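Q: Give me a 3D structure for the following:
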Amino acid sequence: MSIFSPLLAADPKTIDAHSERVRDLYGRMGRAYDRSAACYEFSCTGCDENCCEEHFNHHTLSEFLFLLSGIQACDEQARQDIFLRAREAAELCRTHDAAGQARRVMCPLNREGRCSLYAHRMMICRLHGVPYRMRRPDGTVTQGTGCHKIDWDMSDEKSAACMLDRTDLYRELSTMEIELRQQLDFGHRIKMTIAEMITEMEALLVR
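A: Residues are numbered from 1 along each chain as shown. As a prediction, this is how the structure comes out:
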């Protein structure tokens, strides 16, 4: 049985209310990203790499349920196409892992170079690319350089000022996640790629 199976009995109003909070937070994430990208004069247009091939694990029930709502909103043909590509991507990742190969695998939501569920894309899909900083609960600060196309130099005041601070955004998502798990009595740890999440969703929706 899937760890997500008990969610089938959850109050839809609870999930819907939480989804609206996630939607609002995602909107603010997008605007914060856009400000940072504009500051760096950065655009993904014409990039020689595709971030949709990156191996990202996702960890929150909040993101799982928000993506699930996007899957549910698809028509049957689109949904089945996503399920098929998710199974193929998940199997390909398992094959690479078993062989000790770190190969890039296209996200099953990518359709002709674009995300087919763009409005429901994950947090890291919204924030990845621009240099960032984040203060952890223990006070330590981590930072990332972002895309190779950005001329990133921390010794430059403007470059440092353009960095996206993820701290408050992550903190708010964490608070929302804790509240949701308490409301739904969900205690399982999540560490899944989008493909793995979607295969779990397929199992839930075909019951």
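Q: Show me the helices in the chain, by range?
A: Under the criterion DSSP state H, the chain contains helices at 12-40, 61-73, 76-98, 123-127, 157-161, 167-184, 194-205.
Q: pull the helix or strand with minimum mean pLDDT from this structure.
A: None of the helices or strands of the chain scores lower by mean pLDDT, DSSP states H and E than helix 157-161, at a mean of 77.
Q: Which elements pack onto it?
A: helix 12-40 (3 or more C-beta pairs under 8 Å, 6 or more residues apart in numbering; DSSP states H and E). Using the backbone N, CA and C atoms, a C-beta is placed for each residue, glycine as well.
Q: For this protein, give me the ranges with low pLDDT.
A: 48, 102, 152-155, 207 (pLDDT under 70).
Q: At the geometric centre of it, which residue do we find?
A: Nearest to the geometric centre of the chain sits residue 122, at 2.3 Å (C-alpha atoms, centre = their mean).
Q: you'd agree it is up against residue 192?
A: No - here residue 122 does not reach residue 192: they are 10.7 Å apart, not a contact under C-beta atoms under 8 Å.
Q: how much space is there between residue 183 and residue 173?
A: Separation of residue 183 from residue 173 (C-beta to C-beta, to the nearest Å): 15 Å.
Q: So between the two, which is more surrounded?
A: residue 173 (20 against 14; other C-beta atoms under 10 Å).
Q: Quick check: that one touching residue 62?
A: Yes - if you go by C-beta under 8 Å, residue 173 and residue 62 touch, sitting 6.5 Å apart.
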